[in-house]
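# kindly generate the corresponding structure for this input.
(2 chains)
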Amino acid sequence: MRIALAATCLADTLFPGAPRATVRLLERLGHEVVFPTDQACCGQMHVNTGYYREAVPVIRNHVETFAPVADGEWDAVVMPSGSCTGSVRHQQAMVCRRAGLDDLAATAEAVSAKTYELSELLVDVLGLTDVGAWFPHRVTYHPTCHSLRMLHVGDKPLRLLRAVESIDLVELPAADSCCGFGGTFALKNADTSAAMLEDKTANVRGTGAPVLTAGDMSCLMHIGGGLSRQGTGVRTLHLAEVLASTREEPTPLPETTFSRPERPARTEATR
Amino acid sequence: MSRTFLGLPRTLRRPDDADARHGTPDEPFGPVPHPQEPLRWGDDFPAAAKQTLKNDQLRRNLGHATQVIRTKRAAVVGEVPDWEALRDTGSAVKQQVMAQLPDLLQQLEENVVARGGVVHWARDAAEANRIVADIAKVKGADEVVKVKSMATQEIGLNEALADEGIAAIETDLAELIVQLADDMPSHILVPAIHRNRSEIRDIFLARMGDAPPDLSDVPRELAMAARAHLRRKFLSAKVAVSGANFAVADTGTLAVVESEGNGRMCLTLPETLVTVMGIEKLVPTFDDLEVFLQLLPRSSTGERMNPYTSLWTGVTPGDGPQEFHLVLLDNGRTDVLADEVGRAALHCIRCSACLNVCPVYERVGGHAYGSVYPGPIGAILTPQLTASTGGVSGHHDPNASLPYASTLCGACYEVCPVKIDIPSILVDLRAREVDADRSSRGVDPWKTAMKAASWVMADGDRFALAGRAATLGSGLGGRDHAISVAPPPASGWTRSRDLPAPPRQTFRQWWAAEHTAPVEQAGTVETEGDDR
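Numbers count the residues shown, from 1 in each chain, chains lettered A, B, ... in the order given. All right, here's what the predicted structure looks like:
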């Protein structure tokens, strides 16, 4: 398949490991990955904060960048984020219609019909649960709210994780409880957000897992922020980073929550 | 008796300063003094939540109680094979009601009157309170017994009656606790959810007047004391006041759904019954009740069937109250109805399932919402009823902060028996607030930031530049790549969380280096990166 990657603004800028692993994984599975460089952001932050008018140009850019998928130039768009996929699916067209942009809304719907969150793409579209991954570590999984309740991905990410060779997957208590991020909620209601985070990190620590994974870097940034502050040493890895890991090319465990190991400088030979 | 009593956890030891805090019987027990406006009191949500979050006991009480109700609900909902179809039907019936509300209300009025009832129309709280007070006065009553009712909480009926020299006695156990403590409800279904047994015993001893002096905090003893106290009231009261869970337009039938039997007493013993009902509580036909009497008990108390369901139609000679008044209350509802998105808040059947699953409510409790309607439904209903968003009441209205009191986690929508898409309405109310602010000249850092972000994020090249600029800060986090101190507004974040330092290379820089033909890459220098 020819799959266009929507890296998401947050991961592109702050957590490039997630989209890189998505590329690595899909290429290993024999698919061609395309990265349309006009992309920036899906508009979720603006919409959820109530700035519909400011969201319109952001949404327009996203929709126009990925419109070729509606014409069959690519087979699918993949987003390694439950909340961004949720925004594409449930908000973009609504905001366009509010602004009187019915044509853009129609294109947005056509694009969203072929846009998938990573676990949806792997399980529903590609028909895989075993992606040939190897990850010999204890891992616990946080199902993010939007993937769970907006996209209804159900246990797809867990099925993918269970099929990973040598993984020690441990259940996270009260897993479906929100971590308290909520975008600008974490700033506007910082105290309440922190109280929710406290319970989440306590549950993560209780599993004894050195790795927390999820399908959304925004939630992982939040939980990771707490784990880092508390000096727990628990690392956060995107689901794609776990699934991309193989015996031949394992995803190394970072030293601390937010650190990433240095990579050797790219040489001409690797180009 | 199980560990819980009305969802209340076993007593935890009171703080040492409890006696000082509770003080003499003349001082309020609660942290909430009785507000002038039952739909708008206290600080805005972030400030009020900051205070309630400090109360560890409250958090433990609520965490335990909501967990118990959540589990019960999930179990009994899970055993209904057509639950989703029931939700769809409930939602469809309520949509129909909203679409035909004026006609259905007139039909209700005709049928109630035809069966010997009297119908009053109240535009707001003051009118409704006036109507009820006048009826009580005509009947010469200086005391009325009350069935638990959110509508009368919303209009502050008890206080209004007190001003007229009429004592309103709450007969629902939890509502009685709240009333005796001169407190405010913190939950729609379990208004005293923030109280534990020992507090309830103290309240009864200090305020009930006829509580046994050796009263313990065993739930059965507490219930017996309240029962003896209330029985005297039921037998002496001439007038009862109730709300209504449902009103059937095509028959004129009213319905009250309760668990303790106190409602049945109020609805049958006194000579005169006054029912105050929000105009949205209608269902078109008697058959529609079948849907809601399945949805409501499982969603609210986690029971398969409701214990006491009372239905009455007008007046039945020789049986029950011989005078029946129905007060139809607007109090902002028609304004809510006028909003295409927000009107779904009127579908609410007050089950409170959304409160019990809400991770925000569970931490901060009901009082932080500053309204008798707390939790997710309160966050969409309260600001609409008080016209607090959209700048109508000014930006210092604490209720304007309510639509932001949610992470949009979606747990509320998932359990709502009538499928109110609360997250979408919250977002819509935020948009209304933002739009209302557009004309203001003041400098709002959020507005400035959002506008700037919109410009950057609407274009791949501009965004690439911004990302590249961010990589300049890749050294900020030191060896662990974590930033622990940041300026406002990010300081709210870094008080309890670290931020990741930007990577040395954005994703798109990596992509350009890895996936673009070397010729096109001649001008860029991409030699090193970290693995993020």
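# excluding chain neighbours, what is closest to residue 237?
All of this refers to chain A. Take A:L237 and drop its neighbours on the chain: the residue closest to it by Cβ to Cβ, 6 or more residues apart in numbering or on different chains is A:T213, 5.1 Å away. C-beta here means a position set from N, CA and C on the backbone, and glycine is covered the same way.
# please go with chain B instead
Distances taken as Cβ to Cβ, 6+ apart place B:V145 nearest to B:A237, at 4.2 Å, with adjacent residues excluded.
# give me the contact list for the helix or strand hosting that neighbour.
Using DSSP states H and E, B:V145 falls within strand B:143-146. Residues from elsewhere that reach strand B:143-146 (Cβ atoms under 8 Å, 6 or more residues apart in numbering or on different chains): B:136, B:152, B:158, B:161, B:166-172, B:175, B:230, B:233-234, B:236-237, B:239-242, B:265-266, B:270, B:274.
# who does that strand pair up with?
Its sheet considered, strand B:143-146 pairs with strand B:167-170 (parallel), strand B:239-242 (parallel) by DSSP bridges.
# pop the domain breakdown of chain A in here.
Domain assignment of chain A by automatic domain parsing yields the ranges A:2-125, A:138-243.
# please tabulate these in a markdown table, including the columns mean neighbour count and mean pLDDT.
Converted to a markdown table, those look like this (neighbours: other Cβ atoms under 10 Å in any protein chain shown; pLDDT from 0 to 100):
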| stretch | mean neighbour count | mean pLDDT |
| --- | --- | --- |
| domain A:2-125 | 22 | 98 |
| domain A:138-243 | 22 | 97 |
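# Serialize those to a markdown table and add fields for distance to B:R438.
Listed next are the domains of chain A as a markdown table, based on distance: least, Cβ to Cβ, whole Å:
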| stretch | distance to B:R438 |
| --- | --- |
| domain A:2-125 | 8 |
| domain A:138-243 | 18 |
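# check contacts around the spatially closest residue to A:V34 that is not a sequence neighbour.
Of all residues not flanking A:V34 in the chain, A:A4 sits nearest, at 4.8 Å (Cβ to Cβ, 6+ apart). Counting by Cβ under 8 Å, 6+ apart, A:A4 touches A:V33, A:V34, A:F35, A:P36, A:F66, A:P68, A:V69, A:W74, A:A76, A:V77, A:V78.
# let's go with 6 Å and repeat that
Contacts for A:A4 (Cβ atoms under 6 Å, 6 or more residues apart in numbering or on different chains) come out as A:V34, A:P36, A:V69, A:W74, A:V77.
# re earlier: wait, which of the strands paired with strand B:143-146 is closest to B:Q96?
strand B:239-242 (25.4 Å; Cβ to Cβ).
# helix or strand next in line after the closest one, which one?
strand B:246-248.
# correct me, but B:G263 touches B:V256?
Yes - counting by Cβ atoms under 6 Å, B:G263 touches B:V256, with 5.0 Å between them.
# ok, these two, which is more surrounded?
Comparing B:G263 with B:V256 by other Cβ atoms under 10 Å in any protein chain shown, the one with more neighbours is B:G263, at 26 against 23.
# what about the closest residue to that one other than its chain neighbours, distance to B:T268?
Nearest residue to B:G263, sequence neighbours excluded (Cβ to Cβ, 6+ apart): B:V147, at 4.3 Å. According to Cβ to Cβ, to the nearest Å, B:V147 and B:T268 sit 11 Å apart.
# try A:G208
From A:G208 across to B:T268, the span is 59 Å (Cβ to Cβ).
# report pLDDT for the residue nearest to B:G263.
With respect to pLDDT, B:V147 scores 97.
# number of nearby residues for it?
26.
# what's the answer for B:Y413, then?
20.
# show me what the helix or strand containing it is packed up against.
Here B:Y413 sits within helix B:411-415, counting by DSSP H and E. On a contact count with 3 or more Cβ pairs under 6 Å, 6 or more residues apart in numbering or on different chains; DSSP states H and E, helix B:411-415 meets helix B:353-357, helix B:422-437.
# same thing but 10 Å
Applying 3 or more Cβ pairs under 10 Å, 6 or more residues apart in numbering or on different chains; DSSP states H and E, one finds that helix B:411-415 makes contact with helix B:56-78, helix B:353-357, helix B:359-364, helix B:375-385, helix B:422-437.
# just the CA trace of it, in CSV.
C-alpha atoms of helix B:411-415 as CSV (Å, rounded to 0.1, in the frame of the first residue of the first chain):
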residue,chain,number,x,y,z
ALA,B,411,-16.5,9.0,29.8
CYS,B,412,-19.7,11.1,30.4
TYR,B,413,-21.0,10.6,26.8
GLU,B,414,-20.3,6.9,27.0
VAL,B,415,-22.6,6.3,30.0
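# so A:A240 touches A:L220, yeah?
No - using Cβ atoms under 10 Å, A:A240 and A:L220 do not qualify as a contacting pair, with a distance of 11.4 Å.
# shared neighbours, these two?
Residues within reach of A:A240 and of A:L220 at once, by Cβ atoms under 10 Å, 6 or more residues apart in numbering or on different chains, are A:A11, A:A18, A:T213.
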